[in-house]
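Q: Here is a sequence together with a model predicted from it:
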Amino acid sequence: MKYIKKKLTIENVKIHDIAKKFNTPTYCYSYSQLKKNINNFKKNFKTFSPLICFAIKSNTNLNLIREIKKFGLGADVVSMGELMMALKAGINPKKIVFSGVGKTSNEINYAIDKKILLINAESKSEIREIDRIAKIKKRKIQIGIRLNPNTDAKTLSQISTGKKENKFGVNEKTFLQLVNYCKKSKNINLECLSVHIGSQILDYKPYEKMLHTIDKIIVKTNHKFKFIDLGGGMGISYEDNSKKLNYSKYNIAIKKFLKKNSSKIIFEPGRSIVGNVGYLISKVIYIKENDKKDFVILDAAMNDLMRPALYGAIHKILPSIKRNQISKKIYEFVGPICESTDKFTSLKKFQKLKENDIIIMCDVGAYGMSLSSNYNLRPKPAELLIEGSKIKVIKKRQKHTDLM
Ligand code: LLP
C-alpha cells in the first residue's frame with residue numbers, strides 16, 4: 001500500500017476507485033502481501049519444516065482460505081463451523097487440528113468422522129468424552145492435550161491465554177495424570193502436546209520460557225510425542241516504529257528444543273499470516289464540530305471492526321487522497337452505532353477532512369471481518385481480493401433483505 005501521485009493504492013488499484021465502484025464500508029485484501037507473509041513465515045522456520053495450520057478464526061473468508069490452502073497450509077479450527085469451512089476450502093483433514101475448551105459431543109463426533117489430524121483436548125472431561133465416542137465408533141483417535149504452561153505472554157490481558165488463571169489447557173499436574181489415562185485407553189492415541197500462550201506477542205522470551213517448561217514436562221511424562229503444537233500468537237506492527245518479534249531468536253529456541261525432542265512442530269498462526277493483508281475502506285458521512293475535537297462520523301462502525309471497542313486496539317487511519325491542509329482540531333473517528341465505545345481512534349494533526357472523503361483503516365485482515373456482527377441491524381461489508389490490477393469480490397455485501 002502506498003501513495004502514487006497522492007492517491008492511496010493497494011497493489012495497482014486506487015482506493016478511491018474501489019470506494020466508487022464497490023461502495024463502503026468494504027474490506028480489501030492484498031494477495032501479494034498474503035503471499036509474502038506465508039513465504040516469510042515458512043522461511044523463518046525452514047530448518048525444521050513445521051506443519052503450518054492457519055488459525056481460521058482470524059479470517060473465515062472461504063475464498064481467502066482457498067488461497068492460503070494453495071500454499072500448502074493446514075488449518076487450526078475451534079468450532080464445527082470453522083472445521084466445515086476449512087474442509088470446504090479443500091484443506092486436507094490430515095492437516096487440521098481442533099482446539100477449544102468447550103467442544104460439544106456433536107463437534108467431537110464430526111471431527112472424528114472427518115478423520116482430522118488431531119483433536120487438542122483441554123480437560124479431563126473432554127478426553128473422557130472423546131474416549132466414549134471413539135469406543136462407540138470402534139476407532140482409535142489421535143489426540144493432543146493442551147498444556148497451560150503458566151507463562152505470561154506479555155500481551156494484552158484480554159488475549160493472553162497461557163497463565164494459570166486463564167481457562168485454557170490443563171496444568172502440569174493434570175497433564176501428567178491425563179498422559180497416564182491416555183496410555184491406558186484403547187481408543188485414544190496421545191500424539192501431541194499443544195500450547196498457545198496468547199496473541200499479538202512481540203517478545204520472543206515468553207516463547208523461550210514456554211519451550212523450557214514443555215521440555216521439563218515431557219521428561220516427566222516419559223512419553224514420545226509425535227507432534228508438538230506451539231500454537232500461534234506471533235504479533236505484527238500496528239503502529240509505526242512498534243517493536244517486532246525476533247523470529248530468529250524464536251527459531252533458535254525451537255531448534256534447541258528439537259535437539260532433545262525429535263517431534264514434528266505444528267504452528268497455528270492467524271494474525272501473522274493475514275493481519276497486514278487487510279484494509280477497511282470507509283467514507284466520512286458527517287463531520288460534527290465540538291469544542292475541543294471534531295467527530296469524524298464514518299460509515300464503518302464497531303460492528304464492522306470490533307477490535308478498538310473490545311481491546312482498545314489501534315488501527316492506523318489514512319486518507320485515500322493526500323492533501324496538504326492539516327486540521328487544527330483533534331479528530332475523533334467514530335461510527336454511527338449507538339454505543340459510546342463505537343470509536344476507532346483520536347488523532348491530532350490529521351489532514352483536514354471533508355464530508356464524503358474516503359479513509360482506510362490498516363491491518364484489519366485478522367480479527368476484522370471475522371469478529372464483525374449485525375449489531376444495530378447493519379449489513380456486513382463486502383470483501384475484495386486484490387491482485388495487481390485485478391479485483392475479485394470474495395464476499396458480497398450483505399443486503400438489508402438478508403437480515404429481515
Ligand atoms: N491457536 C489458538 C488455540 C488460539 O486460541 C489462537 C488465537 C490462535 C492459534 C491464533 O493466534 P494468532 O496467531 O492469530 O495470534 N480477537 C483478538 C485475538 C484473539 C486470539 C484468539 N486465539 C484480537 O483481535 O486481537
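A: Thanks, I have the structure now.
Q: quick one, what contacts the spatially most central residue of the chain?
A: In the chain, the centroid-proximal residue (CA atoms, centre = their mean) is residue 58; its distance is 2.9 Å. Counting by CB atoms under 8 Å, 6 or more residues apart in numbering, residue 58 touches 270-271, 273-275, 365-367, 370. For every residue, glycine as well, the C-beta is placed using N, CA and C.
Q: And the strands in the stretch 251-400 of the chain?
A: Counting by DSSP state E, counting those that start in this stretch, the stretch 251-400 of the chain has strands at residues 264-267, 278-289, 293-298, 317-319, 330-334, 343-347, 358-362, 382-387, 390-395.
Q: and those, which is most packed in?
A: Mean neighbour count (mean count of other CB atoms under 10 Å) peaks for strand 358-362 among the strands of the stretch 251-400 of the chain, with a mean of 24.
Q: What would that one look like as PDB? C-alpha coordinates only.
A: These are the backbone C-alpha positions of strand 358-362, laid out as PDB (Å, rounded to 0.1, in the frame of the first residue of the first chain):
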ATOM      1  CA  ILE A 358     -12.600   8.200   1.800                       C
ATOM      2  CA  ILE A 359     -10.300   6.900   4.500                       C
ATOM      3  CA  ILE A 360      -8.800   3.500   5.200                       C
ATOM      4  CA  MET A 361      -8.100   1.600   8.400                       C
ATOM      5  CA  CYS A 362      -5.000  -0.600   8.100                       C
END
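Q: Each with direction, which strands does it pair with?
A: The strands beside strand 358-362 in its sheet (DSSP bridges) come out as strand 278-289 (antiparallel), strand 317-319 (antiparallel).
Q: CA atoms of the longest helix along the chain as PDB?
A: Ranked by residue count and defined by DSSP state H, the top helix of the chain is helix 205-221. The C-alpha trace of helix 205-221 is given here as PDB (Å, rounded to 0.1, in the frame of the first residue of the first chain):
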ATOM      1  CA  LYS A 205      11.200 -14.500  25.700                       C
ATOM      2  CA  PRO A 206       7.800 -15.900  26.700                       C
ATOM      3  CA  TYR A 207       8.100 -18.400  23.900                       C
ATOM      4  CA  GLU A 208      11.500 -19.400  25.100                       C
ATOM      5  CA  LYS A 209      10.200 -19.800  28.600                       C
ATOM      6  CA  MET A 210       7.200 -21.900  27.300                       C
ATOM      7  CA  LEU A 211       9.600 -24.200  25.500                       C
ATOM      8  CA  HIS A 212      11.700 -24.700  28.600                       C
ATOM      9  CA  THR A 213       8.500 -25.600  30.600                       C
ATOM     10  CA  ILE A 214       7.400 -28.100  27.900                       C
ATOM     11  CA  ASP A 215      10.800 -29.600  27.800                       C
ATOM     12  CA  LYS A 216      10.800 -30.300  31.500                       C
ATOM     13  CA  ILE A 217       7.300 -31.800  31.500                       C
ATOM     14  CA  ILE A 218       8.000 -34.100  28.500                       C
ATOM     15  CA  VAL A 219      10.800 -35.700  30.600                       C
ATOM     16  CA  LYS A 220       8.400 -36.300  33.400                       C
ATOM     17  CA  THR A 221       5.800 -38.000  31.200                       C
END
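Q: Pairing partners for the helix or strand just after that helix, with directions?
A: Next in sequence after helix 205-221, counting helices and strands by DSSP states H and E, comes strand 227-229. Within its sheet, strand 227-229 is paired with strand 188-194 (parallel), strand 264-267 (parallel), according to DSSP bridges.
Q: With mean pLDDT and distance to the ligand as added columns, please give those strands in JSON lines.
A: Output for these, formatted as JSON lines (pLDDT from 0 to 100; distance: least, CB to the nearest ligand atom, whole Å):
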{"stretch": "strand 188-194", "mean pLDDT": "98", "distance to the ligand": "8"}
{"stretch": "strand 264-267", "mean pLDDT": "98", "distance to the ligand": "8"}
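Q: Check the secondary structure at residue 146 for me.
A: strand (DSSP: H, G, I helix; E, B strand; the rest coil).
Q: what residues are up against the residue lying closest to it once chain neighbours are set aside?
A: Leaving out its chain neighbours, the residue that sits closest to residue 146 by CB to CB, 6 or more residues apart in numbering is residue 169, at 3.9 Å. Neighbouring residues of residue 169 by CB under 8 Å, 6+ apart: 122, 145-149, 161-162, 194-196.
Q: The longest helix of the chain versus strand 188-194: what angle between them?
A: 150 degrees (axes from the mean of the first three to the mean of the last three CA atoms, to 10 degrees).
Q: how far away is residue 175 from the ligand?
A: 16 Å (CB to the nearest ligand atom, to the nearest Å).
Q: and that residue, that one's in a helix?
A: Yes - looking at residue 175 with three-state DSSP, it is inside a helix.
Q: How many neighbouring residues does it have?
A: When neighbours are defined as other CB atoms under 10 Å, residue 175 has 19 of them.
Q: Can you pull the residues of the stretch 251-400 of the chain lying near the ligand?
A: The stretch 251-400 of the chain comes close to the ligand at residues 268-272, 307, 366-367, 371, as judged by CB under 6 Å from any ligand atom.
Q: of all the contacts of residue 169, which comes closest to the ligand?
A: residue 196 (3.8 Å; CB to the nearest ligand atom).
Q: Now for the closest one: which residues touch it?
A: Residue 196 neighbours (CB under 8 Å, 6+ apart): 99, 146, 161-162, 168-169, 229-233, 268.
Q: hmm, try it at 6 Å
A: 161, 231 (CB atoms under 6 Å, 6 or more residues apart in numbering).
Q: Check it and give its pLDDT.
A: pLDDT for residue 196: 96.
Q: ok, the contacts of residue 169 vs residue 351, which is closest?
A: Closest approach between these and residue 351, by CB to CB: residue 161, at 39.0 Å.
Q: Backbone torsions only: list them for the closest one.
A: phi -130, psi -10 (degrees, to the nearest 10).
Q: Need the strands paired with strand 358-362 in JSON lines (columns: mean pLDDT and distance to residue 33).
A: Output for the strands paired with strand 358-362, formatted as JSON lines (pLDDT from 0 to 100; distance: least, CB to CB, whole Å):
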{"stretch": "strand 278-289", "mean pLDDT": "98", "distance to residue 33": "9"}
{"stretch": "strand 317-319", "mean pLDDT": "98", "distance to residue 33": "16"}
